[in-house]
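> Below: sequence and its predicted model.
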Amino acid sequence: MIDKIVEDVRKDLLDRSELGIKKYGVTLDRNDLDLKDWLQHAYEECLDQANYLKRAIKEIENGGN
């Protein structure tokens with residue numbers, strides 16, 4: 001049995017990886033960043049996610065889809 005959702009996420013991960021490689025010319029195997037740099041990148045991504053979630057919540061509260 002195959003979980004369609006997991007397969008969709010897997011595809012999204014691969015697509016995202018390809019986009020990053022094209023955009024930045026490196027993979028996550030790069031070693032020019034230290035642990036703090038990786039954590040900073042992750043933190044900034046979380047902040048972006050919080051903004052997207054808040055925006056979506058506001059849309060629902062205002063009667064949007």
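Sure thing, it's come through.
> can we go C-alpha only for contacts and neighbour counts from here?
Noted.
> measure the residue nearest to the spatial centre of the chain to N51 for me?
For the chain, the residue nearest the mean C-alpha position is E45 (6.9 Å; C-alpha atoms, centre = their mean). Noted for E45: a distance of 10 Å to N51, by C-alpha to C-alpha, to the nearest Å.
> ok, now G25?
Distance of G25 to N51, given as C-alpha to C-alpha: 28 Å.
> Name the residue in the two with the higher neighbour count.
Neighbour comparison, G25 and N51: the larger count goes to N51, with 12 against 9 (by other C-alpha atoms under 10 Å).
> The more buried one sits in which helix or strand?
If you go by DSSP states H and E, N51 is part of helix 35-61.
> that older thread, report pLDDT for the residue nearest to the centre of the chain.
Looking at E45, its pLDDT reads 97.
> again, but for the one 5 residues further on
Model confidence at A50, given as pLDDT, is 98.
> can you count the residues close to it?
Neighbours of A50 using other C-alpha under 10 Å come to 12.
> now the one 10 residues further on
By other C-alpha under 10 Å, 11 other residues sit near I60.
> Report the separation between it and C46.
21 Å.
> surely V26 meets G20?
Yes: V26 is within contact range of G20, at 7.4 Å (criterion: C-alpha atoms under 8 Å).
> Tell me which helix or strand the nearest residue to T27 once chain neighbours are set aside sits in.
What sits nearest to T27 in space, not counting adjacent residues and going by C-alpha to C-alpha, 6 or more residues apart in numbering, is I21, at 5.8 Å. For I21, the host element (DSSP H and E) is helix 4-24.
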